[in-house]
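*Asks:* one predicted model, sequence on top.
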Amino acid sequence: MSKESNRPVRQELMLGLIYPAVLGTILFQLLETFAHLLRGQYPLNAIVWIKCVLLIISIGFYVSDYLYILFTKRYYWWFFLFDIVFLITLYATVIAIDVDNPISLPHNRVILVCYLIFLLLYLFWDGYEFATLPRGKERNFYRSVVFWELSWLFVIGVFAIKTWSWNNNLLISILTIIILSSVTLWFGLLVSRMREFI
């Protein structure tokens, strides 16, 4: 391991302090929920399962984002600002999941808007990388990332709009889980490909 990092201070600050603090808080909340379940303080019903699954998906998504930042070679000052917004949307997602309330379903529309914000900002981030890189493997990688972002912005956007006319919150929750788990899985696969460029 090298003694000095080539990363800018803002990237080190994000990776070493800010991101782990927020993710740690959310992991603690998940563990606390599981502790309530084990002690019988929360009923083991479909609502609690939906909320736990959504929380796990969100943690997986933002761990992938953390790795994405870790593997990013160029980290401009505005990337740092985007990461602050990402963490705010992460925390808003967790609040919207509302894990501590075992009676009502999560606020799916808020969760979907948070993911839309995330993907839109990342589209600017990766679109810039794609536009400024010379031809080659790394540029092709960013082309696939931009395709992922555009595809899921469309899917989540259409779904979010459709949910405003639906009254079945259980169905919305189940479809939200399916969509967000697909987004997260694809993101994880992209991040695993990104390692070849560091």
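*Replies:* All right, it came through fine.
*Asks:* quick one: contacts for Gln11?
*Replies:* Gln11 makes contacts with Ile69, Thr72, Tyr75, Phe79, Phe80, as judged by CB atoms under 8 Å, 6 or more residues apart in numbering. (Glycine included, C-beta is placed from N, CA and C.)
*Asks:* that one: which element?
*Replies:* helix 9-13 (DSSP states H and E).
*Asks:* report the buried residues of that helix.
*Replies:* Using 16 or more other CB atoms under 10 Å as the test for burial, helix 9-13 gives Arg10, Gln11.
*Asks:* check stretch 146-162 too.
*Replies:* Val146, Trp148, Glu149, Trp152, Leu153, Ile156, Gly157, Phe159, Ala160.
*Asks:* wouldn't the first one be in contact with Tyr122 here?
*Replies:* No - judged on CB atoms under 8 Å, Val146 makes no contact with Tyr122 at a distance of 9.1 Å.
*Asks:* ok, residues contacting the worst-scoring helix or strand of the chain on mean pLDDT?
*Replies:* Ranking every helix and strand in the chain by mean pLDDT, DSSP states H and E puts helix 19-38 at the bottom, with a mean of 79. The contact list for helix 19-38 (CB under 8 Å, 6+ apart) reads 42, 44, 48, 51-52, 55-56, 58-59, 62-63, 66, 69, 83, 87, 90-91, 94, 99-100.
*Asks:* show me where this protein has its strands.
*Replies:* In order along the chain, the chain carries no strands (DSSP state E).
*Asks:* helices of that one, residue ranges please.
*Replies:* 9-13, 19-38, 46-71, 77-97, 108-132, 137-163, 169-194 (DSSP state H).
*Asks:* how far does the helix holding Gln11 sit from the chain's center?
*Replies:* Here helix 9-13 is found 20 Å from its chain centre; the criterion is CA atoms, centre = their mean, to the nearest Å.
*Asks:* same thing with stretch 84-103?
*Replies:* Distance of stretch 84-103 from the chain centroid (CA atoms, centre = their mean) equals 11 Å.
*Asks:* same check, this time on stretch 16-31
*Replies:* 13 Å.
*Asks:* and if you look at stretch 60-74?
*Replies:* With CA atoms, centre = their mean, you get 10 Å for stretch 60-74.
*Asks:* list the buried residues in that stretch.
*Replies:* In stretch 60-74, counting by 16+ other CB under 10 Å, buried: Gly60, Phe61, Tyr62, Val63, Ser64, Asp65, Tyr66, Leu67, Tyr68, Ile69, Leu70, Thr72.
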